[in-house]
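J.: Structure for the following, please:
(2 chains)
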Amino acid sequence: SQQGEEDPQALSIQEGENATMNCSYKTSINNLQWYRQNSGRGLVHLILIRSNEREKHSGRLRVTLDTSKKSSSLLITASRAADTASYFCATRPSGGYQKVTFGTGTKLQVIP
Amino acid sequence: DTAVSQTPKYLVTQMGNDKSIKCEQNLGHDTMYWYKQDSKKFLKIMFSYNNKELIINETVPNRFSPKSPDKAHLNLHINSLELGDSAVYFCASSQDTPTVGEKLFFGSGTQLSVL
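T.: Below is the predicted model of the structure:
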């Protein structure tokens, strides 16, 4: 079963607007990662946040993590047409070596 | 240089055939994975190898057999292909420490179509 559920499943915004995607997961985690997948391509790592961190920034990306609610959000500011892609959260459970499990993904369309 | 490369990119075959997908990483990573992405874009882990040793084997039919000749290579052999095997298969690698899992590097995928 999928560890993470993402919300919304699809999001369509105008260029320049901010895009927010949410991820909820079920078990305790060691870290949570966000990936981007362009159509027909492999996944590309965007950002990793550890379980003891609450917020992390990378360029136009901002990730928050709330372990008490088992949720994370990815904010893309000042979106560009090139941000059009599917975005996935991925979790690595705590408690030793474990697999990285992906969420269901959010398909983002940025309209020029 | 491509970090994680898998071949072929496209694979079209008949039901019942046997096929293989190859994966190589030049990142010096210890861990390699196979993921399956279905038509709804769900990504499911199939296998993971660490230093040539199988460490994760999800509920995958035994028609699927991974093989890791060395830590830079992880191949996937599929016997008696079925229609439901049609999907995109991704290879990935990571450099994991004992306690903290780091980011995955993905290949560009192999689109398998079983007719």
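J.: Near chain B, which residues of chain A are found?
T.: By the rule Cβ under 8 Å from any Cβ of the partner chain, the part of chain A lying against chain B is A:2, A:30-31, A:33, A:35, A:37, A:40-45, A:48, A:50, A:86, A:88, A:90, A:92, A:97-102, A:104-105, A:107. (C-beta placed from N, C-alpha, C; glycine too.)
J.: hmm, 6 Å instead?
T.: A:33, A:42, A:43, A:45, A:48, A:92, A:99, A:102, A:105 (Cβ under 6 Å from any Cβ of the partner chain).
J.: Please spell out the PyMOL selection for the buried subset of those residues.
T.: PyMOL command restricting the residues of chain A next to chain B to the buried ones, with burial defined by 16 or more other Cβ atoms under 10 Å in any protein chain shown:
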select buried, chain A and resi 33+42+43+45+48+92+99+102+105
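J.: I'd like to know which of the residues of chain A next to chain B are part of strands.
T.: Cross-referencing the residues of chain A next to chain B against strands under DSSP state E gives A:33, A:43, A:45, A:48, A:92, A:102.
J.: Surely the fourth one touches residue A:33?
T.: Pointing back at residue A:48 there. Yes - between residue A:48 and residue A:33 there is a contact at 4.7 Å, judged by Cβ atoms under 6 Å.
J.: Give me the common contacts of those two.
T.: Contact criterion Cβ atoms under 6 Å, 6 or more residues apart in numbering or on different chains; residues bridging residue A:48 and residue A:33 by contacting each: residue B:103.
J.: circling back to that earlier point, which members of the ones in strands among the residues of chain A next to chain B are the farthest-apart pair?
T.: Largest separation among these by Cβ to Cβ: A:43 and A:92, giving 14.8 Å.
J.: Check which residues of the helix or strand of chain A with the lowest mean pLDDT are buried.
T.: When the helices and strands of chain A are scored by mean pLDDT, DSSP states H and E, strand A:4-7 comes last with a mean of 82. Residues of strand A:4-7 classed as buried: A:4, A:5, A:6 (neighbour count, 16+ other Cβ under 10 Å).
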